[in-house]
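Novice: Please find the sequence and the predicted model below.
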Amino acid sequence: MRIGILGAGGMADALGTQWARAGHEVMISGRDLGRSAVQAEKMSVSLRGTPVRAGSWAEAAGFGEVVVVAVREAGLVGVLEACGAALRGKPLVDVTNAADLAAYDPGRPLAGLIRDLTGGHVVKAFNLCHVDVWRMTPPVFDGRPLAVPLCGDDPAALAAVRTLVADLGCTPVDGGGLDRARLLEATAAFVIGLWFGGADAQAILPPLPSSGAHLPAEPR
Ligand SMILES: NC(=O)c1ccc[n+]([C@@H]2O[C@H](COP(=O)([O-])OP(=O)(O)OC[C@H]3O[C@@H](n4cnc5c(N)ncnc54)[C@H](OP(=O)(O)O)[C@@H]3O)[C@@H](O)[C@H]2O)c1
């Protein structure tokens with residue numbers, strides 16, 4: 001698959017390197033082509049296949065059969081505008097989170113903004129875990145592969161992102177339509193706040209008790 005990444009920072013590095021290792025062609029992009037080219041070279045060091053390329057925002061948007069949106073919120077609108085019409089109808093993987101998590105407004109989800117600005121088939125994914133988790137080969141915790149929820153509406157875009165999740169050694173989980181992306185964004189805002197506040201956020205979601213024959217009633 002040809003993967004264009006809008007971004008040349010931590011998330012572009014972590015995810016792009018893994019996908020390039022899995023045999024995909026990757027182009028990253030940033031504000032400064034020289035700096036992005038240095039980053040692409042760094043990502044290519046351990047690769048046997050095609051080196052990671054660097055381009056402008058519009059070049060990465062045009063290059064990708066799938067395009068990953070991995071920029072900071074502050075730059076989001078400008079970057080998407082710089083891509084012109086290149087993102088219309090394409091599968092777009094939205095990994096973004098709000099810059100100010102404490103002030104996140106679920107009434108204005110970033111995934112909806114990206115869809116409205118681009119006309120792309122947005123799938124929200126990869127926003128719940130820290131960048132270092134995406135560098136793990138593979139991300140496995142307590143013997144279980146990391147599960148990655150996906151929210152999106154377009155079957156072809158969802159199928160492409162499921163492949164990208166599997167290429168990381170993770171398990172895709174159906175999170176529902178794009179209208180539920182706000183829940184993923186709110187979850188990130190809530191959980192990251194707990195982690196950075198010193199709480200063990202993993203401990204708040206134990207599995208359902210499995211010993212009894214009956215599942216507990218769904219909480220209201
Ligand atoms: N880091 C994490 O643990 C993590 C985890 C999940 C989701 N996310 C989300 O993923 C997205 C990318 O995060 P990241 O960690 O890769 O960030 P990062 O390392 O800071 O990289 C940010 C990218 O955004 C670009 N950008 C464009 N306009 C910008 C502006 N006005 N201000 C700042 N950056 C601008 C930067 O361009 P240049 O290359 O020119 O600097 C860079 O390529 C964010 O929305 C973040 O919330 C991050």
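Specialist: Structure received.

Novice: tell me the strands in this protein, going along the chain?
Specialist: 2-6, 25-29, 53-55, 66-69, 91-94, 121-124, 140-141, 144-145, 147-152, 171-174 (DSSP state E).

Novice: Mean pLDDT and mean neighbour count added to those strands, as a markdown table?
Specialist: Any C-beta I mention is one placed from the backbone N, CA and C, and that applies to glycine too. Listed next are these as a markdown table, based on pLDDT from 0 to 100; neighbours: other Cβ atoms under 10 Å:
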| stretch | mean pLDDT | mean neighbour count |
| --- | --- | --- |
| strand 2-6 | 98 | 27 |
| strand 25-29 | 98 | 26 |
| strand 53-55 | 98 | 22 |
| strand 66-69 | 99 | 26 |
| strand 91-94 | 98 | 29 |
| strand 121-124 | 98 | 28 |
| strand 140-141 | 95 | 12 |
| strand 144-145 | 94 | 12 |
| strand 147-152 | 98 | 22 |
| strand 171-174 | 98 | 14 |
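
Novice: For these, could you give me a markdown table that also reports distance to Leu184?
Specialist: Shown next, in a markdown table, are the strands of the chain (distance: least, Cβ to Cβ, whole Å):
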| stretch | distance to Leu184 |
| --- | --- |
| strand 2-6 | 19 |
| strand 25-29 | 24 |
| strand 53-55 | 28 |
| strand 66-69 | 14 |
| strand 91-94 | 9 |
| strand 121-124 | 5 |
| strand 140-141 | 19 |
| strand 144-145 | 19 |
| strand 147-152 | 6 |
| strand 171-174 | 11 |
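
Novice: Is the ligand within reach of the longest helix seen in the chain?
Specialist: The longest helix of the chain (DSSP state H) is helix 181-196. No - judged by Cβ under 6 Å from any ligand atom, helix 181-196 stays clear of the ligand, getting no closer than 6.9 Å.

Novice: I'd like the strands of the chain written out as TSV, with distance to the ligand added.
Specialist: TSV is the format used below for the strands of the chain (distance: least, Cβ to the nearest ligand atom, whole Å):
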stretch	distance to the ligand
strand 2-6	8
strand 25-29	7
strand 53-55	10
strand 66-69	8
strand 91-94	9
strand 121-124	11
strand 140-141	16
strand 144-145	18
strand 147-152	12
strand 171-174	17
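
Novice: just for the protein, where's the confidence low?
Specialist: Scanning the chain for pLDDT under 70 picks out 211-216, 220.

Novice: How about the contacts made by Leu194?
Specialist: Applying Cβ atoms under 8 Å, 6 or more residues apart in numbering, we find Leu194 in contact with 201, 204.

Novice: What sits closest to the residue positioned nearest the centre of the chain if chain neighbours are left out?
Specialist: Centroid check for the chain by Cα atoms, centre = their mean gives Val95 as the closest residue, at 3.0 Å. Among residues not flanking Val95 along the chain, Phe126 sits closest, at 4.3 Å (Cβ to Cβ, 6 or more residues apart in numbering).

Novice: Any figure for the gap between that neighbour and the ligand?
Specialist: 6 Å (Cβ to the nearest ligand atom, to the nearest Å).

Novice: With Ser44 instead?
Specialist: Look at Ser44 and the ligand: by Cβ to the nearest ligand atom, they are 17 Å apart.

Novice: Good, wrapping up.
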